[in-house]
Structures are given as structure tokens and as C-alpha cells.
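> When you get a sec, could you give me coordinates for this:
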Amino acid sequence: MFGENILLTVVFLVFALTAALQLFYYFYYYLAVWLHKDQVVSTSKKPVSVIICARNEAENLANFLPSVLEQDYPDYEVIVVNDCSEDNTYKVLGEYLIKYPHLKVSNVNKDPKFTHNKKFAQFIGIKAARNDILVFTDADCKPESVRWLEGMTSHFNGSTHFVLGYGGYIKGKGLLNKYIIYETMTIALQFLGMAIRGIPYMGVGRNLAYLRTTFFENKGFGAHNHIISGDDDLFVNNNATGNNTAVEFRNGTITRSVSCPSFSKWITQKKRHLTTAPYYKSGDKFRISLEPLSRILFYMTFIILLSRLFLWQYVLIIFGLRLISMVTVLTLGQKRLNESGLTGFSLIFDIFSPVIAGILLLSNIRKRPGQNQWK
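The predicted structure follows:
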């Protein structure tokens with residue numbers, strides 16, 4: 001009995017410690033997004049190059065490219081890298097080339113002797129750009145307003161090299177769509193919050209900006225060129241600092257993408273994204289893995305303590321404090337990132353999301369994905 005009490009005391013201490021870690025993440029990182037004061041450091045609208053890589057994206061380009069081409073911005077070009085498409089992409093882009101003089105197309109032809117990933121297409125777009133400020137998005141994305149470019153470029157004042165934006169997803173039907181939006185939002189609260197706190201570690205290619213000179217001065221994608229993903233997050237992880245990075249998520253500067261239509265396709269996409277995790281800086285890997293690990297331990301120790309009724313009053317108080325904090329911070333984060341309807345679902349997703357991510361990460365370690373897969 002005495003030995004069991006000692007063991008349960010240790011479990012309680014782990015429970016309390018993981019709860020404290022969770023509260024730290026909520027109030028120091030996630031809440032920073034809500035508390036962030038919008039700052040426009042430059043009102044001069046400098047020339048911009050928007051880069052979009054597309055492979056077999058005819059339908060998405062037809063639906064979303066006009067929203068990029070019709071921005072309220074005086075001097076910008078849109079470069080679409082048509083990478084070995086076999087659908088009607090050529091036809092769609094041909095029609096838009098006639099209508100929009102600031103659209104440029106770089107075609108990459110299929111060569112059975114040369115296979116490549118998305119980074120090659122991205123590099124082609126960067127080489128073709130005539131402006132130093134580069135803004136990136138995807139073929140299946142649309143800006144929320146005509147002020148998207150103005151917002152993303154307003155932070156470049158000489159010292160800023162990177163601007164991290166929020167790329168959300170279009171609302172749809174089904175639980176999977178809700179989960180994708182929830183996960184995207186919570187990841188954004190983390191990477192945007194850490195950037196605000198001076199620790200930028202990633203960005204998303206759906207809404208990202210950086211300088212062309214910064215890209216070439218840092219040898220582009222460098223040693224990570226062979227990895228499937230990483231054209232966005234690894235380049236930011238290697239080169240962004242607290243002094244050269246800004247964030248942008250005001251209403252109208254957010255982009256929205258089409259979410260995966262099926263669970264199997266989402267699994268494939270998620271596993272591809274997770275291939276970059278081992279290449280992050282050691283400190284970043286520690287910080288971003290500590291939160292989901294502490295969450296798993298929190299729920300495990302909670303179940304053990306409650307099943308044994310060990311200090312159950314204190315256990316329930318700590319659990320309730322953490323729950324209220326989570327709901328409050330995520331609700332405020334929703335408002336700031338122009339999301340809605342996720343609070344109730346977050347009570348369930350909060351339990352399972354670190355488990356799902358952990359399983360997918362382990363499966364990647366067991367089976368190495370192909371290196372030249374584009375998307």
C-alpha cells in the first residue's frame with residue numbers, strides 16, 4: 001500500500017507538471033497570436049512576384065487563380081510553374097495569359113530520365129522572378145480579399161526577410177474537414193506564436209513571403225533538396241530569426257485552400273509533411289514535440305489518478321483549470337484567425353491529435369517515403 005501511494009504520488013507530480021507545461025504553451029505562445037498588435041512598417045508598395053507551382057491543377061487554377069491575379073496592388077507579377085501537367089492546365093493558363101498581362105508561365109516538360117520534387121519547380125519560379133519580394137501560395141488556394149498582397153508585403157522594410165502568413169482551409173462537410181481546420185489552426189497558433197516570441201521555426205507554402213536575395217544568399221534549399229517536403233518550413237527553419245521575421249494574419253490577408261476529400265489522401269499528405277520533422281533544428285524539435293508529448297502524458301496520468309481516486313479533488317481542479325484555459329485560448333485564436341465552430345470539436349480533437357501525429361511519425365520512420373514524389 002505504501003509503495004502504491006509513492007507511485008501514485010509520482011504520477012500526480014507528472015500530471016501536475018504536464019498541466020503546467022500545457023498552460024505555458026497556451027498563455028505564452030498560443031495567446032500571443034490574439035495579443036499581437038498589427039504593425040504596418042512600410043506603406044510603399046514595392047514590386048512583388050507571386051509564385052505558384054502546379055501539377056495537374058487545371059480545375060483549381062480555373063477556380064482560384066483569378067483571385068490572385070486580381071489583387072488591388074499596383075506592381076506585381078504572377079508566375080505559375082506548370083510542372084509536367086497532363087490535364088488541361090496548358091489550356092487554362094493559355095486563356096488567362098490573354099486576359100492578364102502580369103501573368104507569366106514557366107513550363108517544365110516531362111523527362112523520363114529526370115524525376116524531381118516540388119522544390120525544383122519552386123526554384124524555376126524563383127529564378128524567373130524579376131522582383132526581390134517573393135510571395136508564395138498554392139494552386140488550390142485563394143486569398144480572402146484583394147488586400148492579401150498589400151498585407152503580406154507591408155512588413156518588408158529592410159530588416160525583414162521573412163513574412164509568415166496563415167493558410168487556412170475552406171469549410172466543408174464532414175468530420176475530416178473539421179479536424180483538418182482544427183489541426184491547421186492549432187499548428188498556426190504555435191508557429192505564429194513562437195515567431196512573435198522571437199523563435200520562428202516554420203512557415204506554410206500556402207501563404208509565405210521572403211526575399212529572393214535571401215534565398216540565393218543562403219544557397220536555396222541546399223542540403224534538403226532531396227526531401228519530398230520542406231520547400232517552405234525547412235527553408236524558414238534554417239534561415240529565419242527573431243530579428244528578420246514578421247507575421248501577418250489580419251482579416252483579408254489569409255489564404256484558404258481545399259482540404260483533402262478523403263481520410264486516405266489526408267494520411268498520405270500528412271505523412272509527406274512529417275518527413276521534414278527530423279531535419280528541424282534541435283531546439284525547435286524539442287519545443288514542438290514537448291507540447292504533444294506532455295498532452296499524452298497529461299491524459300494518461302489523469303485516467304490513472306481518477307481511476308484510483310488519488311487526490312481526486314486536486315486532480316479535477318487541475319484538469320478543469322487546464323480545460324478552461326484551452327477552450328478560452330483556442331476560442332480567442334479562432335477569432336483572430338477568422339475561424340469558427342471549432343470549440344466543441346476541440347474537446348475531442350485535443351485528445352486524439354497528438355496520438356495521430358505520433359503514429360504517422362513512427363510510420364514514416366519505419367517506411368521511408370520516395371524522394372522524388374512531387375505532392
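> In this structure residue 55 contacts residue 107, no?
No. Applying CB atoms under 8 Å as the test, residue 55 and residue 107 come out as separate, 11.5 Å apart. Backbone N, C-alpha and C define where each C-beta goes, glycine included.
> tell me the contacts of the closest residue in space to residue 156 that isn't next to it in sequence?
Sequence neighbours aside, residue 133 is the residue nearest to residue 156 in space, at 5.7 Å (criterion: CB to CB, 6 or more residues apart in numbering). The neighbours of residue 133, taking CB atoms under 8 Å, 6 or more residues apart in numbering as the test, are 46-49, 153, 156, 209, 211-212.
> out of residue 55 and residue 107, which sits in the more crowded spot?
residue 55 (18 against 14; other CB atoms under 10 Å).
> Which residue, other than its chain neighbours, is closest to that one?
residue 83 (4.6 Å).
> Quick check: the one you found vs residue 93, distance?
Per CB to CB, to the nearest Å, residue 83 is found 12 Å from residue 93.
> any idea how far residue 217 is from the residue nearest to residue 156?
15 Å.
> low-scoring pLDDT stretches of the stretch 251-375 of the chain, where are they?
Along the stretch 251-375 of the chain, the parts satisfying pLDDT under 70 run over 364-375.
> ok, now with 80
Of all residues in the stretch 251-375 of the chain, those with pLDDT under 80 make up the ranges 273, 361-375.
> Also the stretch 101-250 of the chain?
Along the stretch 101-250 of the chain, the parts satisfying pLDDT under 80 run over 110-117, 223, 225-226, 228-229.
> As a check, name the ranges of all helices in it.
Under the criterion DSSP state H, counting those that start in this stretch, the stretch 101-250 of the chain contains helices at 118-128, 148-153, 175-196, 212-217, 233-239.
> Which strands or helices does the third one pack on?
Under the contact definition 3 or more CB pairs under 8 Å, 6 or more residues apart in numbering; DSSP states H and E, helix 175-196 sits against helix 31-35, strand 162-165, strand 167-169, strand 245-248, helix 263-274, helix 282-307, helix 312-336, helix 343-366.
> Go again with 6 Å.
Judged by 3 or more CB pairs under 6 Å, 6 or more residues apart in numbering; DSSP states H and E, the packing partners of helix 175-196 are helix 31-35, strand 167-169, strand 245-248, helix 343-366.
> between the longest one and helix 175-196, how many degrees?
For helix 343-366 against helix 175-196, the angle by axes from the mean of the first three to the mean of the last three CA atoms, to 10 degrees is 80 degrees.
> now the angle from helix 343-366 to helix 282-307?
Helix 343-366 runs at 120 degrees relative to helix 282-307, counting by the same axes, to 10 degrees.
> Can you list the neighbours in contact with helix 343-366?
With contacts defined as CB atoms under 6 Å, 6 or more residues apart in numbering, helix 343-366 is touched by 178-179, 182, 270-271, 274, 292, 295-296, 299, 330-331.
> Taking the residues you listed, please make a ChimeraX selection of just the buried ones.
Those of the contacts of helix 343-366 that count as buried under 16 or more other CB atoms under 10 Å are selected in ChimeraX with:
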select :178,179,182,270,271,274,292,295,299,330,331
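> And the contacts of helix 343-366, which is closest to residue 237?
Lowest distance from residue 237 to the contacts of helix 343-366 (CB to CB) belongs to residue 274, with 14.1 Å.
> State the distance from the closest one to residue 177.
Residue 274 is 20 Å from residue 177, where distance means CB to CB.
> what does residue 105 give?
Going from residue 105 to residue 177 by CB to CB gives 32 Å.
> In this structure residue 218 contacts residue 237, no?
No. Assessed by CB atoms under 6 Å, residue 218 is found out of contact with residue 237, at 11.6 Å.
> and the two? which has more neighbours close in?
Between residue 218 and residue 237, residue 237 has the larger neighbour count (other CB under 10 Å), namely 20 against 14.
> Enumerate every residue touching that one.
Listed by CB under 6 Å, 6+ apart, the contact set of residue 237 reads 201-202, 280.
> And residue 339, by the same measure?
residue 185.
> Quickly find the element holding it.
In the assignment (DSSP states H and E), residue 339 maps to no helix and no strand.
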